[in-house]
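> From the sequence below, what's the structure:
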Amino acid sequence: MKTVTMILVLLLAGLAHADSLSVTNTAFGTGIEDHTITGVDTTFSRSIGRLYFWALIADAGAGDTIYHCWIIRNWVAQRIAIPVQGKRFRTHTVKTLDEQMTGRWIVQVEDRNGRVLSADSVTVRPD
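Purely as a prediction, here's the structure:
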């Protein structure tokens with residue numbers, strides 16, 4: 001009985017912690033320098049070649065994982081798992097653009113349970 005009670009307490013603590021995980025800032029850009037996004041905008045030409053999404057995560061805990069979900073035309077093109085690096089940390093993912101990848105992109109930041117913490121959009125124009 002003590003084992004079951006302890007497991008239940010640990011599970012509930014984990015769920016409570018997951019609710020505190022948050023995204024405090026996000027941006028799209030053309031690069032990363034010193035852990036910060038560069039070339040920030042909301043519209044880009046496909047000719048930039050690579051599009052970066054940057055996020056500042058707060059109230060994270062050891063063992064947490066977040067996900068960047070890149071979505072275009074209601075299709076999840078990629079869901080990238082990112083292990084948490086600390087209580088407050090910056091992270092980014094990058095999408096290499098080809099001629100099929102123009103239009104409105106949405107990147108959702110999700111917690112390990114699939115809860116959307118943030119959703120931001122960007123437009124990629126054809127050349």
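> what's the distance between the nearest residue to residue 46 once chain neighbours are set aside and residue 76?
Closest residue to residue 46 apart from its sequence neighbours, by C-beta to C-beta, 6 or more residues apart in numbering: residue 97 at 5.0 Å. Heads up, the C-betas are built off the backbone N, CA and C, glycines and all. Separation of residue 97 from residue 76 (C-beta to C-beta, to the nearest Å): 17 Å.
> who has more neighbours, the two?
Per other C-beta atoms under 10 Å, whichever of residue 97 and residue 76 has more neighbours is residue 97, with 19 against 11.
> I figured that one hits residue 45, correct?
No - using C-beta atoms under 8 Å, residue 97 is not in contact with residue 45, being 9.1 Å away.
> And the strands in the protein, which stretches?
Using DSSP state E, the strands of the chain run over 22-29, 31-33, 36-38, 43-45, 50-58, 65-72, 75-83, 89-96, 103-110, 116-125.
> partners of the residue nearest to residue 71 when sequence neighbours are not counted in the sheet?
In this structure, residue 71 finds its nearest non-sequential neighbour in residue 106, 4.5 Å apart by C-beta to C-beta, 6+ apart. Bridge pairing for residue 106 (DSSP bridges) gives the partners residue 71, residue 121.
> Please give me every residue in contact with residue 106.
70-72, 119-121 (C-beta atoms under 8 Å, 6 or more residues apart in numbering).
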